[in-house]
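Asks: structure, please.
(chains A and B)
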Amino acid sequence: GNSVTQMEGPVTLSEEAFLTINCTYTATGYPSLFWYVQYPGEGLQLLLKATKADDKGSNKGFEATYRKETTSFHLEKGSVQVSDSAVYFCALSPKSGTYKYIFGTGTRLKVLA
Amino acid sequence: SAVISQKPSRDICQRGTSLTIQCQVDSQVTMMFWYRQQPGQSLTLIATANQGSEATYESGFVIDKFPISRPNLTFSTLTVSNMSPEDSSIYLCSVDLPENTEAFFGQGTRLTVV
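Replies: Just a heads-up that it's a prediction; the model follows:
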């Protein structure tokens, strides 16, 4: 079946450190892949997405590349800020046109000043 | 994009009672989704609600426990019935828009059952 495996947290970094949050998936066919972010007390917001192999999604300095050969979609940021402290969810949508997402467990990131 | 309002944002309820969560969208949408996020865990899809038809429930979720209404294209409710402490979770409403390729989420309803 379809599944998403995400790096466990919490992850604690100093400001300006490099961030990687690992995400791998299992899916039949060609899913779309997403990173969502949940700031304290708020709902989920789309951070970035990729809909086909080798696509790179990017937003707010975050990047992730859809790697079909390794079934991965790792999230990276070169220099984190305190304001990036949040929970990050990797997700897949197994079929184009449907939004029955399958989510990873979420990774809590805490950035210290 | 879509703006999704959920009410209540949080509640503390007695076991055995029921709570109805409302989800209002600022535009007409075909499909609305209800998710549950248990403490420290991922989001799990409860059901998909289409206007004018019965909701479609995922494995492990049943209509008697989580009845859903979808009276029009901008509104849906999820009821958590006969609650127990195991129902303590965040419940999120989500929608898709035809012109977008991602889903949008409400801010969630944090439910604590005591």
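Asks: alpha carbons only for contacts and neighbour counts from here, please
Replies: Will do.
Asks: residue A:76 contacts residue A:23, doesn't it?
Replies: No: in this structure residue A:76 lies outside contact range of residue A:23 using C-alpha atoms under 8 Å: 10.8 Å.
Asks: more crowded one of these two?
Replies: Relative neighbour count places residue A:23 above the other of residue A:76 and residue A:23, with 22 against 18, counting by other C-alpha atoms under 10 Å in any protein chain shown.
Asks: what sits against that one?
Replies: If you count contacts by C-alpha atoms under 8 Å, 6 or more residues apart in numbering or on different chains, residue A:23 has them with A:4-7, A:72-75, A:90, A:104.
Asks: looking at those, which has the most residues close by?
Replies: Ranked by neighbour count (other C-alpha under 10 Å), the contacts of residue A:23 have residue A:90 at the top, with 32 neighbours.
Asks: need the phi and psi values for the closest residue to that one other than its chain neighbours.
Replies: Leaving aside its chain neighbours, residue A:90 sits nearest to residue A:35 (4.6 Å; criterion: C-alpha to C-alpha, 6 or more residues apart in numbering or on different chains). Here the main-chain torsion angles of residue A:35 (degrees, to the nearest 10) amount to phi -120, psi 130.
Asks: report the separation between residue A:35 and residue B:97.
Replies: From residue A:35 across to residue B:97, the span is 18 Å (C-alpha to C-alpha, to the nearest Å).
Asks: ok, those two, which is more surrounded?
Replies: Neighbours were tallied for residue A:35 and for residue B:97 using other C-alpha under 10 Å; the higher tally belongs to residue A:35 (28 against 19).
Asks: could I get the pLDDT score of the more buried one?
Replies: At residue A:35 the predicted local confidence, pLDDT, stands at 96.
Asks: residue A:43 too?
Replies: Predicted confidence (pLDDT) at residue A:43: the value is 80.
Asks: what's the helix or strand of chain A with the lowest mean pLDDT packed up against?
Replies: Evaluated with mean pLDDT, DSSP states H and E, the helix-and-strand set of chain A has its lowest mean pLDDT in strand A:102-103, which scores a mean of 90. Strand A:102-103 sits against strand A:3-6, strand A:86-93, strand B:43-50, with contacts defined as 3 or more C-alpha pairs under 8 Å, 6 or more residues apart in numbering or on different chains; DSSP states H and E.
Asks: and those strands, which is most packed in?
Replies: Using mean count of other C-alpha atoms under 10 Å in any protein chain shown, the stretch among these with the greatest mean number of neighbours is strand A:86-93 (a mean of 26).
Asks: next, the angle strand B:43-50 makes with that strand.
Replies: Orientation note: strand A:86-93 sits at an angle of 50 degrees relative to strand B:43-50 (axes from the mean of the first three to the mean of the last three C-alpha atoms, to 10 degrees).
Asks: which parts of the chain are strands?
Replies: No chain in the question, so chain A it is. Secondary structure of chain A, counting by DSSP state E: strands at A:3-6, A:11-14, A:19-21, A:23-26, A:32-38, A:44-50, A:56-59, A:62-65, A:75-77, A:86-93, A:102-103, A:107-112.
Asks: was after chain B, sorry
Replies: Taking DSSP E as the criterion, chain B carries its strands at B:4-7, B:10-13, B:19-25, B:31-37, B:43-50, B:56-57, B:68-72, B:75-80, B:89-96, B:103-105, B:109-113.
Asks: which one of those has the lowest average pLDDT?
Replies: Lowest mean pLDDT within these: strand B:103-105, a mean of 86.
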